[in-house]
Structure formats: C-alpha cells, structure tokens
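1. okay, predicted coordinates and the sequence, questions at the end:
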Amino acid sequence: MANPKLVEGMKFSGPRQFREFLKEWNVANGYDIKYTKNESSRITSVCKYDIKYKKNGCTWKIHASPIGRITTFQIKTIKRKHKCGMQYDNKQANSSYLGKKLVNEIKHNPTINISSLKNKIRRNIMVDASRYQVYRAKRKAREVSAGDVREQYLRIWDYAETVRKHNLGSHIIIKTDLDTPEPTLQRMYFRVSAMKDGFLAGCRLTIGLDGCHLKGIFGGQMLTGTNVDCCWEGWE
C-alpha cells in the first residue's frame, strides 16, 4: 500500500481487497474513478473524467473478476493510461479513508485543529478535503485510536499482577467506577518495592510532589512523588 501499482494479472483475496487497493492507487496518483460494474462477480471502473467530459475525457478503464469458481480476484484488463491531470478534489478519499490515514497523527497530537489537519492532508495525502470532511475524519481517527487505548486499559490488572509477582512487596491499588455501563478506571496508585527500598536506604527523608494533565484521548491527571539521593553532591 505504500507504493501501489496496478498490473494486469495481479491477484487479490477477493473483491473487497481489490477495491481497497484500487482506491489506494487512485488517491496516491491523484485520479478519481467511477464504478460502472461493482458486483461480487465483476468490477469495472473508468476514469471519472471519461463520464464528465465524454468524448474529450480520459479513456482509462480497468476490469477484474474471479478466477474460475474461486474467490480470488484478478485484474483481467487495464485499458490505456490516464491522460487527465492530478486532481486534489478526489471523492475516493472520503472521511473513512482519511480517518485511517490520520490515526497516528491524532495519537501523537490529539488537540490538532482542523485547519492544520486540513493542510497536512493536502500536503501528505494530496487531497483537498472540506473542513466538514476533515472534522469527520478526525472524529473517526479518534474512535480508532480510542479503541486501541481501551484495550490497554483492560490490561492494567494483568500488568499489576505481573509487577506484584516479579517485584515482591510492590503496592498497587486500582479503583474503578462501577456505576457506568462498563467498569471505568477512576484512579490508580502505583509503587514498586524497589523504589521504596531505595528511598529508605539512601534518600533524604523529603518527598517532592508534582503533577501534570494527560493530553491523550481520555484525559486525566498524573501525580508523582520524587526524592533526592543523599549522596548527590548538590546536598553535601
């Protein structure tokens, strides 16, 4: 998918995979298409500008169908090359498509505004999307990203048990809200035994407190306790 190429004879697991690959190829190269046949037994598409401009339009065409009676799809014919220019207004790149492309961007920068995201889409994906389309794409990307984070939250109890097992004496408290449709994490206290032993053995009996707001999808706060090693030259 990073550098898609269409060649006669290419095989796909089924019509769905072929459609996804065809969309990726068209968006990557700046072409827009229209399906004239879009069935499980045959798929034929032409350049959108063949229909828009008729005789003076682009004459590119592709056809794929199953091999015999199996589900494997194969490109049977690719007629001519595109003679239209690259198009930034591409209907193939809908909000669902853009949302998948933006998952990593939203994970690393969930507060990015619509204007900045719109510029990134035009620069990196070569698509001129509307503000509403970008808004929907961002929302869908957040939903995908949130699903991944939810799975990580479900592993908190396993992680706590692993720490207790391999670092005896560690103290972990997990508090959940049971009044919600699904148990929701309220807060968590985490202290590894080795940290306690190190504090008692060689640190000043002073604890500094610090906190920060979490800027991820679910938000929240993280509070930490820190101390200073007595052997640090700054305290001699």
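-> All right, it came through fine.
2. so who does Arg19 touch?
-> Ile43 (C-beta atoms under 8 Å, 6 or more residues apart in numbering). In this view, the C-beta of every residue, glycine as well, is placed from N, C-alpha and C.
3. mind checking which helix or strand it is in?
-> helix 15-29 (DSSP states H and E).
4. what average pLDDT does the following helix or strand past that helix get?
-> Downstream of helix 15-29, the first helix or strand assigned by DSSP H and E is strand 33-38. Across strand 33-38, the average pLDDT comes to 90.
5. then stretch 219-236?
-> 67.
6. on that earlier part again, the helix holding Arg19: which residues count as buried?
-> Residues of helix 15-29 classed as buried by neighbour count (16 or more other C-beta atoms under 10 Å): 15, 18-19, 21-27.
7. redo these as CSV? Include distance to Tyr132 and pLDDT.
-> CSV is the format used below for these (distance: C-beta to C-beta, whole Å; pLDDT from 0 to 100):
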residue, distance to Tyr132, pLDDT
Pro15, 30, 91
Phe18, 30, 92
Arg19, 24, 91
Phe21, 28, 91
Leu22, 26, 91
Lys23, 21, 89
Glu24, 23, 89
Trp25, 26, 89
Asn26, 22, 87
Val27, 19, 88
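8. out of those residues, who's nearest Ile156?
-> Glu24 (36.3 Å; C-beta to C-beta).
9. for the spatially most central residue of the chain, what are its contacts?
-> Centroid-nearest residue in the chain: Val103, 2.4 Å away (criterion: C-alpha atoms, centre = their mean). With contact set as C-beta under 8 Å, 6+ apart, Val103 has these partners: 141, 144-145.
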